[in-house]
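Chemist: what follows is a protein structure lacking sequence information:
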Ligand SMILES: [Fe+2]
């Protein structure tokens, strides 16, 4: 019936174009009832010539974030909340609990005397410490006391709890691969009966055992680092030494990536992180890559130009650059930037690209 109707378009004479469009639409409507769809109508939007990101560049200034996180301390205890975290949501992805398409980011606070109870989950996590001194995170039986700039690893399914035995609140940036895990619909999580886990290792044991150019007999090679805490006290002098030696990348400054010391690979299969130092007056050349990247200013101050958006940053500010958006850093002072992205996952899948 649809074909017969289509043959009599307009003044009654057949219109070939109208005819074929009507016939096609009737076909599309029919196959839709069978949960099918013609690829040729959506090809350009699903196989794009270049990456198309839903994310927007954005910055969260620490003074504002800190006062809001402190306010949340009056609303709920760490134990009640399990994790007292304010999520940093990409403004273009409201309601999706993510800062990029694949990564979750949030600011967590532990007040003096509080405990965030032990649990584990399929999602891997990292912490980058922003403010406070002397709170601990216990991961896989090692209690690591944290200081600003420390980079702490909680691998997939690793038991972890946090506590603050100091007199000051501690705040850190949490980054997890939760959206990626949920994309695969592979999330598991469990709580433990005891709020804190038994710790058999001393603070710094894992760094000493695995990050010192020797390895304990029987070390097993895995796709995640055995080091729990990459301390700022140890990593900062390395990038400073590189900068003084003139080993400065024109885009990134004097930069190291945090490595699994057993394999030389990334710290986690899903996330990789870097620390870079830029001299005062540094003007980075434009750069882009397919991994949307979260940055934290550890020290100094400057700005990052993302396409036509300028993100100003000061100590402990967090900002995000979407995938394949061209960006360039400028440092007003000598500055240190921490960064983290899903680059290892993209590399493992053969997807990662960079460019000017
Ligand atoms: Fe957790």
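Modeler: Alright, I've got the coordinates. Please read these numbers as outputs of a predicted model, since none were measured by experiment.
Chemist: distance from the helix or strand containing residue 172 to the middle of the chain?
Modeler: Residue 172 is part of strand 170-176, with elements assigned from DSSP states H and E. On the basis of CA atoms, centre = their mean, to the nearest Å, strand 170-176 sits 11 Å off its chain's mean C-alpha point.
Chemist: what sits up against that strand?
Modeler: 66, 69, 83, 85, 99, 103-110, 123-135, 146, 152, 164, 271, 294, 296, 318, 340 (CB atoms under 8 Å, 6 or more residues apart in numbering). (Each C-beta comes from the backbone N, C-alpha and C, glycine too.)
Chemist: out of those, which are buried?
Modeler: 66, 69, 85, 99, 103-110, 123-132, 135, 146, 152, 164, 271, 294, 296, 318, 340 (16 or more other CB atoms under 10 Å).
Chemist: could I get the full set of helices for this protein?
Modeler: Under the criterion DSSP state H, the chain contains helices at 2-6, 16-32, 43-46, 62-72, 78-81, 178-183, 205-210, 232-244, 343-348.
Chemist: could you dump the ones you listed to JSON lines with mean pLDDT and distance to residue 115?
Modeler: Shown next, in JSON lines, are the helices of the chain (pLDDT from 0 to 100; distance: least, CB to CB, whole Å):
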{"stretch": "helix 2-6", "mean pLDDT": "44", "distance to residue 115": "68"}
{"stretch": "helix 16-32", "mean pLDDT": "93", "distance to residue 115": "54"}
{"stretch": "helix 43-46", "mean pLDDT": "94", "distance to residue 115": "47"}
{"stretch": "helix 62-72", "mean pLDDT": "96", "distance to residue 115": "17"}
{"stretch": "helix 78-81", "mean pLDDT": "81", "distance to residue 115": "6"}
{"stretch": "helix 178-183", "mean pLDDT": "98", "distance to residue 115": "22"}
{"stretch": "helix 205-210", "mean pLDDT": "93", "distance to residue 115": "22"}
{"stretch": "helix 232-244", "mean pLDDT": "98", "distance to residue 115": "24"}
{"stretch": "helix 343-348", "mean pLDDT": "98", "distance to residue 115": "32"}
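Chemist: for the ones you listed, give me TSV that also has distance to residue 262.
Modeler: Below are the helices of the chain laid out as TSV (distance: least, CB to CB, whole Å):
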stretch	distance to residue 262
helix 2-6	65
helix 16-32	52
helix 43-46	39
helix 62-72	34
helix 78-81	33
helix 178-183	24
helix 205-210	6
helix 232-244	17
helix 343-348	15
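Chemist: compare these and give me the one nearest residue 331.
Modeler: helix 232-244 (11.0 Å; CB to CB).
Chemist: quick one: distance of the closest one to the chain centre.
Modeler: Distance, centroid of helix 232-244 to centroid of chain: 23 Å (CA atoms, centre = their mean).
Chemist: go on, stretch 298-312?
Modeler: From the chain centre to the centre of stretch 298-312 is a distance of 18 Å (CA atoms, centre = their mean).
Chemist: end to end, how far does that stretch reach?
Modeler: 14 Å (CA to CA, to the nearest Å).
Chemist: give me the contacts around that stretch.
Modeler: 56-59, 148-149, 232, 236, 275, 278, 282, 295, 313-316, 319, 321-322, 325-338.
Chemist: likewise for stretch 140-150?
Modeler: 127-138, 152, 155, 158-160, 170, 172, 197-206, 228-233, 235-236, 298, 336, 338.
Chemist: change it to 6 Å
Modeler: Stretch 140-150 has contacts (CB atoms under 6 Å, 6 or more residues apart in numbering) with 129, 133-137, 158, 199-201, 203, 205-206, 228-229, 231-232, 298.
Chemist: pLDDT averaged over it - what is it?
Modeler: Stretch 140-150 carries an average pLDDT of 94.
Chemist: how about that stretch: buried residues?
Modeler: So, applying 16+ other CB under 10 Å, buried residues of stretch 140-150: 140, 142-146, 148-150.
Chemist: still on that earlier bit, in strands, which of the contacts of strand 170-176 fall?
Modeler: In this view, the contacts of strand 170-176 that belong to strands under DSSP state E are 85, 104-110, 125-131, 135, 152, 164, 294, 296, 318, 340.
Chemist: list the contacts of the residue nearest to residue 51 when sequence neighbours are not counted.
Modeler: Sequence neighbours aside, residue 324 is the residue nearest to residue 51 in space, at 3.9 Å (criterion: CB to CB, 6 or more residues apart in numbering). Remark: with contacts taken as CB under 6 Å, 6+ apart, residue 324 is in contact with 51, 288, 290.
Chemist: can I assume the first one is in contact with residue 326?
Modeler: No. Under the criterion of CB atoms under 6 Å, residue 51 is not in contact with residue 326, lying 11.9 Å apart.
Chemist: what number of residues lie near residue 208?
Modeler: 13 (other CB atoms under 10 Å).
Chemist: what's the distance between it and residue 226?
Modeler: Distance from residue 208 to residue 226, counting by CB to CB, to the nearest Å: 11 Å.
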